[in-house]
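Peer 1: can't give you the sequence, but here's the structure:
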């Protein structure tokens, strides 16, 4: 009697196995793809002629940021993270102060990190301030890190300063723009007109 059920039982089992294989997605049978360490990222938004104004607690204008093009990359598509960044084309930053004329900063390119609290600028970075008599003080460097909220800028690259006809060259700088204080870090050389 057992022999009579053996052939149909095998046929039923083979039919069930065939149906399970037929209904299974092909990805389950393939080797899993190795994840590449290099992620392809695309901007989550692109802005042309972007302008961003920030105000202090008293409602006074503290900075104006402009860029010809701004490409924001959000690393985690579900939420903003500290690793998000924005690539900038032709950025311009104006830092306002109650006690002094504004400082203006321009560059060819840049990258804003940590929600714009740190901005890296490179390519023909130019910082200048026009005083109340119309005289210009300016700094030029190939690379600059700016913290707009603190009105602070720094670089480890060569810097050229031209202020009222006096020229100073150095390597490395820390600029406290709100206090009009600039620290030159090394290889300082100057030509001063009397």
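Peer 2: Good, I have the coordinates. Quick caveat, the model's predicted, so the values are computed rather than measured. Residues are numbered from 1 along each chain as shown.

Peer 1: contacts, neighbours, all on C-alpha from now
Peer 2: Will do.

Peer 1: Show the low-confidence segments of this protein, by residue range.
Peer 2: Segments of the chain classed as low confidence (criterion: pLDDT under 70) are 1-3, 29, 31-40, 194.

Peer 1: Go again with 50.
Peer 2: Across the chain, the stretches falling below the confidence threshold (pLDDT under 50) are 36-38.

Peer 1: what about the strands in it?
Peer 2: For the chain, strands defined by DSSP state E occupy the ranges 45-55, 61-73, 85-89, 92-95, 103-106, 109-113, 118-130, 136-147, 152-163, 166-176, 181-191.

Peer 1: Reformat those strands as JSON lines; add mean neighbour count and distance to residue 79.
Peer 2: As requested, the strands of the chain are arranged in JSON lines below (neighbours: other CA atoms under 10 Å; distance: least, CA to CA, whole Å):
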{"stretch": "strand 45-55", "mean neighbour count": "13", "distance to residue 79": "14"}
{"stretch": "strand 61-73", "mean neighbour count": "19", "distance to residue 79": "12"}
{"stretch": "strand 85-89", "mean neighbour count": "22", "distance to residue 79": "13"}
{"stretch": "strand 92-95", "mean neighbour count": "22", "distance to residue 79": "27"}
{"stretch": "strand 103-106", "mean neighbour count": "22", "distance to residue 79": "31"}
{"stretch": "strand 109-113", "mean neighbour count": "21", "distance to residue 79": "16"}
{"stretch": "strand 118-130", "mean neighbour count": "20", "distance to residue 79": "20"}
{"stretch": "strand 136-147", "mean neighbour count": "20", "distance to residue 79": "24"}
{"stretch": "strand 152-163", "mean neighbour count": "18", "distance to residue 79": "29"}
{"stretch": "strand 166-176", "mean neighbour count": "17", "distance to residue 79": "34"}
{"stretch": "strand 181-191", "mean neighbour count": "13", "distance to residue 79": "38"}
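
Peer 1: Identify whichever of the ones you listed lies nearest to residue 25.
Peer 2: Distance to residue 25, taken as CA to CA, is lowest for strand 61-73 among these, at 33.5 Å.

Peer 1: for the closest one, packing partners?
Peer 2: Using 3 or more CA pairs under 8 Å, 6 or more residues apart in numbering; DSSP states H and E as the contact definition, the elements that strand 61-73 packs against are strand 45-55, strand 85-89, strand 92-95.

Peer 1: okay, those in TSV with distance to residue 25 next?
Peer 2: Conversion of these to TSV gives the following (distance: least, CA to CA, whole Å):
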stretch	distance to residue 25
strand 45-55	35
strand 85-89	38
strand 92-95	53
